[in-house]
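Asks: Test case, fold it:
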Amino acid sequence: MKQYPKIFYPNIPLNHEGLIDFDSYKTGMTENYFEYKLEKYFKGHIKTNKVIDNGWKYPYQPDFILYYQKYNLCIDIEIDEPYAMGSHKPIHLNDEKRNNFFLSKGWHIIRFAEEHICRYPDLCCKMISEFIRFTTGESIWIEGMEDFKDIPDISAWTKNDAEEMANKSYRNDYLTLLQNIVKQNPQISIIADGIFLNSQISEAQSLYKDIWPEKELFEKAKVSLLLKELLRYSSHFQNLEVIEGKIYIELRIYISTYHSIYNYTFDSDLIYLGNYIINVYYIRTENLICFEIDDYIINNNIRNVLLIADDPAYPNLISNWNNREIVLMRKKNDTHMPMDLRYIDSSFPSGIAIGLEQFEL
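Replies: Numbering: from 1, shown residues only. Next up, the predicted model:
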């Protein structure tokens with residue numbers, strides 16, 4: 001194959017040969033970052049540090065395994081680098097023997113170039129989602145990613161290409177992107193209940209459909225506009241740390257597998273707005289969103305929370321978020337949420353909640 005991503009299909013059903021832990025498994029910064037992304041999109045279906053138990057002393061080690069039991073689907077997800085960082089030796093010039101091993105076990109294989117993972121991690125997840133839909137007919141994984149552009153192709157390298165990349169330290173160009181993202185913990189976590197957010201966007205679309213054509217409205221209702229509106233409230237957080245003039249933020253939108261969020265336009269997974277650097281995650285979950293959010297805040301000791309939600313389950317949960325700075329975005333009228341917290345009103349018009357008021361009529 002001349003281009004990445006590379007996809008390989010087996011000719012036999014999946015062999016249920018067991019997986020075992022492999023102690024000498026090694027991961028780098030790219031793998032750690034992409035694992036974080038994969039876990040958000042495909043929670044409960046990603047396995048790492050596992051190998052096929054076939055008695056080999058040095059077995060093939062998948063970077064990631066996606067196992068979807070419902071359809072007996074096992075995918076070997078690989079990240080290919082053009083050369084070794086230390087020796088600068090060209091690598092991944094011919095993985096045919098390794099590929100054939102997994103294909104002989106009934107596994108599917110998706111190989112991404114390392115540059116894909118660094119520059120387009122969410123587009124990689126979209127491609128995996130499309131692959132699952134094509135293979136199984138299951139559409140829940142792709143839902144919510146329709147507006148992502150398609151992942152661009154990257155040419156597979158020859159030995160000469162890899163040597164030239166090594167001489168130019170080409171990998172450093174895109175690895176720097178990851179270093180800027182992963183080395184800092186977010187100072188603010190903007191956490192959205194996708195059901196509530198979807199209802200706000202649906203309401204806004206019904207209000208504005210006579211002003212803008214549907215396609216134009218979708219172009220305007222983007223996550224970056226929502227963030228511009230929300231970031232005006234960052235001054236509410238008293239202990240906000242500024243690192244080298246930058247404030248690092250994460251936006252986590254939780255989407256139930258039982259609900260649609262077609263109405264939202266996902267325009268980026270990494271957004272730069274002035275002094276803010278925002279990493280965006282879209283998290284599909286089969287569990288109740290409110291409990292997913294509660295677990296994340298408690299288990300990760302999140303301190304500054306801007307919560308976009310309005311549901312009767314949240315007040316009891318919020319009462320346990322002690323010693324945290326909390327700002328709510330909720331409806332002022334007919335609300336289930338506490339009245340004594342600082343909040344952003346999304347009551348009317350809903351377009352304000354997604355930044356539509358910034359445009360001239």
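
Asks: for the protein, which spans come out with low pLDDT?
Replies: Scanning the chain for pLDDT under 70 picks out 1, 23-28, 143-147, 177, 179-184, 214-225, 258-270, 347-361.

Asks: Can you pull the domain assignment for it?
Replies: 3-181, 185-358 (automatic domain parsing).

Asks: With mean neighbour count added, can I get the ones you listed in JSON lines?
Replies: To be clear about C-beta, it is placed using only N, CA and C from the backbone, and glycine gets the same treatment. JSON lines is the format used below for the domains of the chain (neighbours: other C-beta atoms under 10 Å):
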{"stretch": "domain 3-181", "mean neighbour count": "16"}
{"stretch": "domain 185-358", "mean neighbour count": "17"}
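
Asks: what's the distance between stretch 136-153 and the middle of its chain?
Replies: Remark: stretch 136-153 is offset 12 Å from the chain centroid, using C-alpha atoms, centre = their mean, to the nearest Å.

Asks: Send over that stretch as CSV, restricted to the C-alpha atoms.
Replies: What follows is stretch 136-153, C-alpha atoms only, in CSV (Å, rounded to 0.1, in the frame of the first residue of the first chain):
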residue,chain,number,x,y,z
THR,A,136,-20.7,-4.6,11.2
GLY,A,137,-23.4,-2.2,10.1
GLU,A,138,-23.3,-0.7,13.6
SER,A,139,-23.7,3.1,13.4
ILE,A,140,-23.5,4.3,17.1
TRP,A,141,-19.7,4.9,17.0
ILE,A,142,-19.9,7.2,14.0
GLU,A,143,-22.8,9.2,15.3
GLY,A,144,-21.7,12.7,16.2
MET,A,145,-18.6,12.6,13.9
GLU,A,146,-20.4,13.2,10.6
ASP,A,147,-19.1,16.8,10.4
PHE,A,148,-15.5,15.8,10.9
LYS,A,149,-13.6,16.1,7.7
ASP,A,150,-12.0,12.9,6.4
ILE,A,151,-8.5,12.0,7.5
PRO,A,152,-5.9,13.1,4.9
ASP,A,153,-3.6,10.4,3.4
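
Asks: ranges for the helices of the protein?
Replies: Secondary structure of the chain by DSSP state H: the helices cover 29-41, 96-103, 114-119, 121-136, 159-167, 170-182, 194-208, 214-220, 223-230, 289-299, 314-318.
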